[in-house]
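Asks: Just a sequence and a predicted model for now, questions to come.
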Amino acid sequence: MDRFYIIPNSAKDPELTFSNMIIDYLEEHGARCHVQKITEKMEGPYHYTDPDGIPQDTQCIIVLGGDGTLLQAARDVVHLDIPLLGINLGTLGFLAEVDKNSVYPALDRLLTDDYELEERMMLEGKIYRGEELIGKDIALNDIVIGREGHLRVIRFKNYVDDSYMNSYNADGIIISTPTGSTGYSLSAGGPVVSPSASMMIMTPIAPHTMNTRSIILSGEEAVTVEIGEGRHNTIEKAVASFDGDTQISMVTGDRIVIRKATVRTKILKLNHLSFVEVLRQKMSNS
């Protein structure tokens, strides 16, 4: 590889000191680099990274920051089908696996094509009010449907491939990919799933029952979550959140249909640590 696009993180590298070190190193070794300008969150067809600003011959997008920065970048550029490499400027991440102390050996491996390529499943969520599509987005980690406004539980009616499955009285529901199983889903009591799997994990948030557990569903199935009525047939307000970023408001009767997206995020692996080894390190440090 010798053609790169760099996505910096202004919060973790405000003066772009580390970013410039990487750019200088790559260019000294004959590579060509383009750098994304630091901008605020955007409203519109993309979130933080304008895919139209990425040269068509780019072979790798290097994302500096952490797992959160990589999640944002993945949703914006996934349709370009360019692999991502995350360089973590904080602690060891599940997605951004290269740390600051090992960045130069990692770049050497990029330059000599010494890497592994992983493809990660993504989710697509479409929100309907009656038959009208009122919003949609994709997520690499999870789609969370939760209450909006007053602190009270909501009734969620859940369907799989149009067949009624169950209902939850809960604060919310997490629909997670295997990649997202180590995030919010895990905090809510969900299982850890290998990122190479193709499945969805449905986990309720603070359910008002004693026997509710996560449900594992095939990646080929579609999950529909409908917002139920409140007490005394009142209208409830909820919100669907995509990777903790994009939020779309919902009300009683609205439904979100979630299925495996047609696109997949490509992640470059350089340190040859398996998912189990990274998980073991995370667990030993917790």
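Replies: Happy to help now that I have it. Residues are numbered from 1 along each chain as shown.
Asks: S187 versus G65, what's the distance?
Replies: 21 Å (CB to CB, to the nearest Å). In this view, the C-beta of every residue, glycine as well, is placed from N, C-alpha and C.
Asks: residue ranges with poor pLDDT in the stretch 1-150 of the chain?
Replies: 38-45, 92 (pLDDT under 70).
Asks: next one: phi and psi at the residue sitting furthest away from the middle of the chain?
Replies: Largest separation from the mean C-alpha position in the chain: H232, at 36.8 Å (CA atoms, centre = their mean). For H232, the backbone dihedrals (degrees, to the nearest 10) come out as phi 60, psi 30.
Asks: okay, stretch 70-84 in CSV with CA atoms only?
Replies: Output of stretch 70-84 as CSV, limited to C-alpha atoms (Å, rounded to 0.1, in the frame of the first residue of the first chain):
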residue,chain,number,x,y,z
LEU,A,70,-13.5,4.5,13.9
LEU,A,71,-17.2,3.9,14.3
GLN,A,72,-18.0,7.3,13.0
ALA,A,73,-15.6,6.9,10.0
ALA,A,74,-17.0,3.5,9.1
ARG,A,75,-20.5,4.7,8.7
ASP,A,76,-19.5,7.5,6.4
VAL,A,77,-17.1,5.7,4.1
VAL,A,78,-18.3,2.1,4.1
HIS,A,79,-19.8,2.5,0.6
LEU,A,80,-16.4,3.3,-0.8
ASP,A,81,-15.2,-0.3,0.1
ILE,A,82,-11.9,1.0,1.4
PRO,A,83,-10.3,-0.9,4.4
LEU,A,84,-9.8,1.0,7.7
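Asks: Look up how far K157 lies from A197.
Replies: 27 Å.
Asks: again, but for T91
Replies: Taking CB to CB, one finds T91 at 39 Å from K157.
Asks: of those two, who's got more company?
Replies: Between T91 and K157, counted using other CB atoms under 10 Å, K157 has the larger neighbour count: 16 against 12.
Asks: Do a quick rundown of the helices in the stretch 151-286 of the chain.
Replies: 184-187, 275-285 (DSSP state H, counting those that start in this stretch).
Asks: coming back round to it: neighbour-wise, which of G65 and S187 wins?
Replies: More crowded of G65 and S187, by other CB under 10 Å: G65, with 23 against 11.
Asks: Report the secondary structure state of F18.
Replies: helix (DSSP: H, G, I helix; E, B strand; the rest coil).
Asks: can I assume it is in contact with G65?
Replies: No. When contacts are counted by CB atoms under 8 Å, F18 is not listed as touching G65 (10.1 Å).
Asks: Quick check: neighbours shared by the two?
Replies: Overlap of the contact sets of F18 and G65 (by CB atoms under 8 Å, 6 or more residues apart in numbering) consists of L89.
Asks: returning to that earlier point: looking at the helices of the stretch 151-286 of the chain, which is closest to T246?
Replies: Nearest to T246, of all these, is helix 184-187, at 15.0 Å by CB to CB.
Asks: Of all the residues in the closest one, which ones are buried?
Replies: Neighbour counts over helix 184-187 (16 or more other CB atoms under 10 Å) mark 184-186 as buried.
Asks: repeat for stretch 9-21
Replies: Quick answer for stretch 9-21 (16+ other CB under 10 Å): 9, 13, 16, 18-19.
Asks: before we move on, what about stretch 246-266?
Replies: 246, 248, 250, 252, 254-261, 263-266.
Asks: so which two of the residues you listed are the farthest from each other?
Replies: Across the buried residues of stretch 246-266 (CB to CB), the longest gap, 39.2 Å, separates T252 and K266.
Asks: so M200 sits right up against E220, yeah?
Replies: No. M200 is not in contact with E220 according to CB under 8 Å; the separation is 9.8 Å.
Asks: Pull up the overlap in contacts between those two.
Replies: K260.
Asks: Those two: which is more packed in?
Replies: Higher neighbour count among M200 and E220: M200, with 29 against 11, using other CB under 10 Å.
Asks: does the more buried one have beta-bridge partners, and which?
Replies: L217 (DSSP bridges).
Asks: got the contact list for it?
Replies: Contacts of M200 by CB under 8 Å, 6+ apart are 123, 175-177, 216-219, 221, 223, 258, 260.
Asks: From the residues you listed, which land in strands?
Replies: 123, 175-176, 216-218, 223, 258, 260 (DSSP state E).
Asks: Could I have the buried ones of those as PyMOL selection syntax?
Replies: Buried members of those, defined by 16+ other CB under 10 Å, are picked up in PyMOL with:
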select buried, resi 123+175+176+216+217+223+258+260
